[in-house]
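Engineer: mind looking at a prediction? Sequence and model below.
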Amino acid sequence: MPGRQVGHQVALTFSLLTPLALGCQGMNTPIYFPSPDPILTVTGMNDAMGNAPRIENGMTLQFRNPTDAEQKALDTQTATLGFKVPWIQRDHVHIELVYQVTYNAVAGAAPDDDPNDIPQFSLGIDGANEYTKYDENIVAMTLGEGNDDAPQYIPLIPVTPQTIAEGQTISGTVREDDFNEAELDLDAIGRWMAPFNAVLINNSQVNPIGLSMVPPNVVIPALIEIDVNFTANRNMTCTYDIRVRDDNDQLLHDTTNTLFSPTPTLFVPVVPATT
Amino acid sequence: MAALVTSWLVAGASAARAQVTAEPSAVVFPDPAKFAHGLYTEGEVGAVAFFGKAGNDVSPGFAIGARVGYDLFRWLALQASFVGSTHQISGDNPLNGQLLQTYQGLVEGKLTYRFGQTPLFGEGGIGLERLSTNALYALMVEPRYRVGFVAGGGGGLDYHSLSRHFSVGVRGGFFVMAELTSSQELMASTYLRYTF
């Protein structure tokens, strides 16, 4: 067999295999971050005010600082658009959360046969981008000042309360599009003076109320901190993992890169003065 | 009338008897010397399963691969292989249902013992393996790593068609990963080979 023909055949083989290999590589390369210790655990005992027990933990995703070239590109884009362009952008950092809640059977506990007291749990997800931090507990506390009403928790991402049987385990996913909506809402609240309850309660794709001040060409920052609030009326545990797809390799790895450490401002709602 | 003619033909037919005029020549068939050898490529499909600690949390998955090699002799070949497999995380953990892919590239040596159309072969080599995610780390199954050395080997059975170029076969292999010290993987596949 002539050498040139063999060379062509080898080249053909590799030219067919290379796109396959590269295509496979780009399909699914997320990075998982396990929930911090200790895991979220509640006993189900109400607090002194009669509210269901809540517990919160969270994690801050560690990103690297931009290189000089990247910073220059950000500055140029900022100058072009006329408003600040974030380093960690929603279009390049995609977040998902997978969770698992278990109702731990307690020996000797009364059976769950009261129709008015169904075992259930709920999750509320808050967080921060590089400009603004949102904490539903702070918001509820601020709104509750001066009255004795039960606290109103409005998370960035609410997870519908679910009933659960004793000994059962329920898994769920807070999808990337849920985080996309939350990231838009948080940016609208933090940088564009949107009324927080209007944008959080409404899905922007259905009802974009409150988003009128957000420029149409805005570059939305991604969450860099994710906080999980877990509420349950029985003895339950919640574990979760954060799944991040990092398109531009901005997460901080064990290299010589330095840590990107913004200081987001805590959002505190303005409470109308009572007369 | 037609029925009458047909009956006559059937009733009147005598048994045919072949006449042997000579012994058939003794042909060595198939002649492996006529099979093509030299540069070859293989495409394969199969399954990859993890064993050890990772086996508890990673389901067996579908695998697809390709191989290119060169027969230095009839009994010895050098080859390079690439296999990708996709798996689902299983077990009682939040990542249940998430996907994990493995990509494995090896340089191998292959020894073949031929008899007729069905050579047996053994092969082994070393290379690199990459996991698409750090899910095994998140599950606290293995250390934090996504790329590492892999070594292993196996064997199989080849069946050569009467075409000069084509053969099909099955192979199995067992691999250990340098960074996944408590886990191994087993691969089984079927392949189509074309020798130029």
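Structural biologist: Arrived safely, thanks for sending.
Engineer: list the contacts of the closest residue to residue A:196 other than its chain neighbours.
Structural biologist: Nearest residue to residue A:196, sequence neighbours excluded (Cβ to Cβ, 6 or more residues apart in numbering or on different chains): residue A:189, at 4.7 Å. (Glycine included, C-beta is placed from N, CA and C.) Residues near residue A:189 by Cβ atoms under 8 Å, 6 or more residues apart in numbering or on different chains: A:132, A:134, A:196, A:199-200, A:267.
Engineer: list just the nearest of the residues you listed to chain B.
Structural biologist: Of all the contacts of residue A:189, the one with the least separation from chain B (Cβ to the nearest Cβ) is residue A:134, at 23.5 Å.
Engineer: phi, psi of the closest one?
Structural biologist: Dihedral pair for residue A:134: phi -120, psi 130, per degrees, to the nearest 10.
Engineer: pretty sure it is touching residue A:267, no?
Structural biologist: Yes: the pair residue A:134 and residue A:267 qualifies as a contact (Cβ atoms under 8 Å) at a distance of 5.0 Å.
Engineer: so those two - more neighbours on which side?
Structural biologist: More neighbours surround residue A:134 than the other of residue A:134 and residue A:267, with 28 against 19 (other Cβ atoms under 10 Å in any protein chain shown).
Engineer: so the more buried one bridges to which residues?
Structural biologist: As for beta bridges, residue A:134 partners with residue A:127 under DSSP bridges.
Engineer: can you pull the pLDDT of it?
Structural biologist: Here, the pLDDT recorded for residue A:134 equals 97.
Engineer: with adjacent residues omitted, what lies nearest to the residue in chain B positioned nearest to chain A?
Structural biologist: Nearest residue of chain B to chain A, counting by Cβ to the nearest Cβ: residue B:138, 3.6 Å away. Excluding the flanking residues, the one nearest residue B:138 by Cβ to Cβ, 6+ apart is residue A:32, at 3.6 Å.
Engineer: the strand or helix carrying the one you found packs against which elements?
Structural biologist: Residue A:32 belongs to strand A:31-34 when elements are defined using DSSP states H and E. Packing partners of strand A:31-34 (3 or more Cβ pairs under 8 Å, 6 or more residues apart in numbering or on different chains; DSSP states H and E): strand A:236-246, helix B:135-138.
Engineer: now the common contact residues for residue A:134 and residue A:267.
Structural biologist: A:189-190, A:196.
Engineer: what's the lowest-pLDDT member of these?
Structural biologist: residue A:196 (92).
Engineer: surely that residue touches residue A:270?
Structural biologist: No: the criterion here is Cβ under 8 Å, and residue A:196 misses it with residue A:270 at 9.5 Å.
Engineer: of the two, which one has the most company?
Structural biologist: Here residue A:196 and residue A:270 are set side by side on neighbour count (other Cβ under 10 Å), and the busier one is residue A:196, at 21 against 8.
Engineer: which ones are touching the more buried one?
Structural biologist: A:134, A:139, A:154, A:185, A:189, A:267, A:269.
Engineer: tell me which parts of chain B are close to chain A?
Structural biologist: B:38-39, B:41, B:66, B:68, B:82, B:84, B:92-101, B:103, B:130, B:132-135, B:137-140, B:196 (Cβ under 8 Å from any Cβ of the partner chain).
Engineer: which of the residues you listed fall within strands?
Structural biologist: Among the residues of chain B next to chain A, the members falling in strands (DSSP state E) are B:39, B:41, B:66, B:68, B:82, B:84, B:99-101, B:103, B:130.
Engineer: turn those into a markdown table, including neighbour count.
Structural biologist: A markdown table is the format used below for those (neighbours: other Cβ atoms under 10 Å in any protein chain shown):
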| residue | neighbour count |
| --- | --- |
| B:39 | 20 |
| B:41 | 21 |
| B:66 | 20 |
| B:68 | 18 |
| B:82 | 20 |
| B:84 | 24 |
| B:99 | 16 |
| B:100 | 24 |
| B:101 | 18 |
| B:103 | 18 |
| B:130 | 17 |
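Engineer: pick out the most distant pair among the residues you listed.
Structural biologist: Largest separation among those by Cβ to Cβ: B:39 and B:99, giving 35.1 Å.
Engineer: and the helices in chain B?
Structural biologist: Per DSSP state H, chain B carries helices over the ranges B:2-12, B:53-57, B:135-138.
Engineer: for the stretch 101-250 of chain A, that is, sorry about that
Structural biologist: A:136-144, A:176-191, A:196-201 (DSSP state H, counting those that start in this stretch).
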